[in-house]
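Undergrad: here's my sequence, what's the structure:
(one chain, ligands or ions: 1)
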Amino acid sequence: MNISVERIKQSKISSVDFKNLGFGNYISDHMLVANYKNSQWQQPQITPFGEIPMTPAILSLHYGQSVFEGMKAFKNIKGEVSIFRPQRHHQRLLRSLERMCMPAISEALFIDSLCALIAADVSWIPDTEGSALYLRPVIFATESRLGVKISDEYKFVVLTSPVGPYFAKPVRVKVEEQYVRAAEGGTGFAKCAGNYGGAFYPAEQARQAGFDQVLWTDAKEHKYIDESGAMNVMFVFDGKLVTPQLSSSILDGVTRSSILTLAYDMGIPKEERKVSVAELKAGFENGKLTEAFGVGTAAVVSTIATINISGKDYSLPTDTNSSFQQRVKKKLNDIRMGNEPDIHNWNYNVPLQ
Ligand code: COI
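TA: Model prediction:
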């Protein structure tokens with residue numbers, strides 16, 4: 001694919017504090033944009049990151065046709081650059097697009113676009129442990145019209161951002177027993193913008209009460225754990241890795257899937273099944289629940305230190321190097337950095353010309 005590149009005149013990279021990246025604070029020099037019209041995707045273009053001309057009538061602003069993905073690119077110990085599992089992210093993007101009545105995008109257009117943009121901003125890939133170049137493709141409706149309809153026009157935009165850890169320290173979460181993120185049959189499994197906007201209010205209430213995130217429960221009874229909004233959740237019960245089984249209200253996380261595969265490789269028994277709030281509470285009380293953590297592209301493996309259930313804090317030890325979460329986090333990192341063979345072919349090599 002021939003993707004044109006208009007390079008920035010003056011790079012902004014000198015303004016980046018690579019030692020204190022945080023998450024999403026910097027956007028790299030270039031962006032990629034492709035338009036969809038007349039029922040097809042047009043040739044993408046890479047330009048300096050900046051404004052895009054649009055009218056306030058574009059349909060995504062009014063009716064929410066907007067889906068995105070989150071991926072990471074890494075530089076390994078040999079200096080090679082790879083994207084972690086872009087084909088699997090593309091498969092999930094297709095499911096999100098279908099649910100939101102948006103046009104599919106081919107794997108070739110998706111991956112070639114990511115590679116070309118990474119090559120343009122290769123100097124933005126951080127190389128300190130725990131950091132990466134976060135890739136944010138977003139597709140949104142751009143037809144300018146007020147009628148409630150499926151848009152006929154879209155933009156595919158990719159931005160990149162050098163990022164550090166999403167959470168600086170172990171997190172405190174609160175089991176949500178009032179608000180709902182997603183119901184069965186809704187859009188919870190899709191990575192659509194509205195899922196995040198709808199979660200802001202309950203998350204803000206939780207934040208004001210001293211929590212980092214909410215632990216979403218099922219919409220019908222608030223009895224079973226779904227996920228945590230920016231990450232899937234996993235538990236270690238009695239030496240077994242346990243995680244809520246996928247449903248239409250849970251995002252099919254790529255890190256979730258990778259960790260389940262690595263647990264198998266490491267000989268750790270795993271269960272994908274319903275996890276009830278009552279079971280968590282009992283696990284804390286009888287000592288069988290030994291670990292809780294969030295997993296996601298941004299969150300990687302984030303230790304959950306405290307879970308608040310019906311107003312009561314239950315805490316777990318967070319500093320054991322022998323814990324499953326620490327071992328699996330290291331294994332994932334070693335695969336990405338090239339310290340361990342990539343037997344599942346998860347690293348997609350980015351050609352840098
Ligand atoms: C990700 O992990 O990539 C996410 O999209 C979660 C959040 C940053 C929106």
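Undergrad: what distance do you get for the residue located most distally from the centre of the chain to the ligand?
TA: Distance to the chain centre peaks in the chain at Asn286, reaching 33.1 Å (criterion: CA atoms, centre = their mean). Applying CB to the nearest ligand atom, to the nearest Å, the value for Asn286 to the ligand is 33 Å. In short, each C-beta sits where N, CA and C put it, glycine included.
Undergrad: for Gly210, same thing?
TA: 21 Å.
Undergrad: how about that residue: what's its closest non-neighbour residue?
TA: Arg172 (6.7 Å; CB to CB, 6 or more residues apart in numbering).
Undergrad: and the pLDDT at that neighbour?
TA: Note for Arg172: predicted pLDDT of 97.
Undergrad: hang on, it packs against Tyr314?
TA: No. Between Arg172 and Tyr314 there is no contact under CB atoms under 8 Å: 10.6 Å.
Undergrad: overlap in contacts, those two.
TA: Taking CB atoms under 8 Å, 6 or more residues apart in numbering as the contact rule, Arg172 and Tyr314 both touch Thr306, Asn308.
Undergrad: please enumerate the strands of the stretch 1-150 of the chain.
TA: With DSSP state E, counting those that start in this stretch as the criterion, the stretch 1-150 of the chain has strands at 4-5, 30-37, 40-41, 45-48, 66-68, 71-75, 81-84, 132-141.
Undergrad: could you dump these to a markdown table with mean neighbour count?
TA: Listed next are these as a markdown table, based on neighbours: other CB atoms under 10 Å:
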| stretch | mean neighbour count |
| --- | --- |
| strand 4-5 | 12 |
| strand 30-37 | 20 |
| strand 40-41 | 14 |
| strand 45-48 | 18 |
| strand 66-68 | 23 |
| strand 71-75 | 23 |
| strand 81-84 | 22 |
| strand 132-141 | 23 |
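Undergrad: which residues of the stretch 101-250 of the chain lie near the ligand?
TA: Residues of the stretch 101-250 of the chain found near the ligand (CB under 6 Å from any ligand atom) are Ala230.
Undergrad: residue of the stretch 101-250 of the chain closest to the ligand, please.
TA: Relative to the ligand, the nearest point of the stretch 101-250 of the chain is Ala230 (4.3 Å; CB to the nearest ligand atom).
Undergrad: show me what contacts that residue?
TA: Applying CB under 8 Å, 6+ apart to Ala230 gives the contacts Tyr166, Gln213, Gly294, Gly296, Ala298, Ala299.
Undergrad: strands - which of the residues you listed land there?
TA: Counted as lying in strands by DSSP state E, out of those, are Gln213, Gly294, Gly296.
Undergrad: the last one and Leu215, how far apart?
TA: Distance, Gly296 to Leu215, using CB to CB, to the nearest Å: 14 Å.
Undergrad: the two - which one has more neighbours?
TA: The neighbour count for Gly296 versus Leu215, taken as other CB atoms under 10 Å, is higher for Leu215 (25 against 22).
Undergrad: that one contacts Lys174, correct?
TA: Yes. If you go by CB under 8 Å, Leu215 and Lys174 touch, sitting 6.6 Å apart.
Undergrad: got any residues that touch both of those two?
TA: Ile307.
Undergrad: between the contacts of Ala230, which has the most around it?
TA: Neighbour counts for those (other CB under 10 Å) peak at Gly294, which has 30 neighbours.
Undergrad: who does that residue bridge with?
TA: Val233, Ser302 (DSSP bridges).
Undergrad: and if you look at Ile307?
TA: Legend: beta-bridge partners of Ile307 under DSSP bridges are Val173, Tyr314.
Undergrad: show me what contacts it?
TA: Residues near Ile307 by CB under 8 Å, 6+ apart: Val173, Lys174, Val175, Leu215, Leu280, Phe284, Ala292, Asp313, Tyr314.
Undergrad: nearest residue to the residue in the chain that the ligand sits nearest to in space, please, no chain neighbours.
TA: Nearest to the ligand, among the residues of the chain, is Gly70, at 2.0 Å (CB to the nearest ligand atom). Leaving aside its chain neighbours, Gly70 sits nearest to Thr297 (4.5 Å; criterion: CB to CB, 6+ apart).
Undergrad: now do Gln42
TA: Asn35 (4.8 Å).
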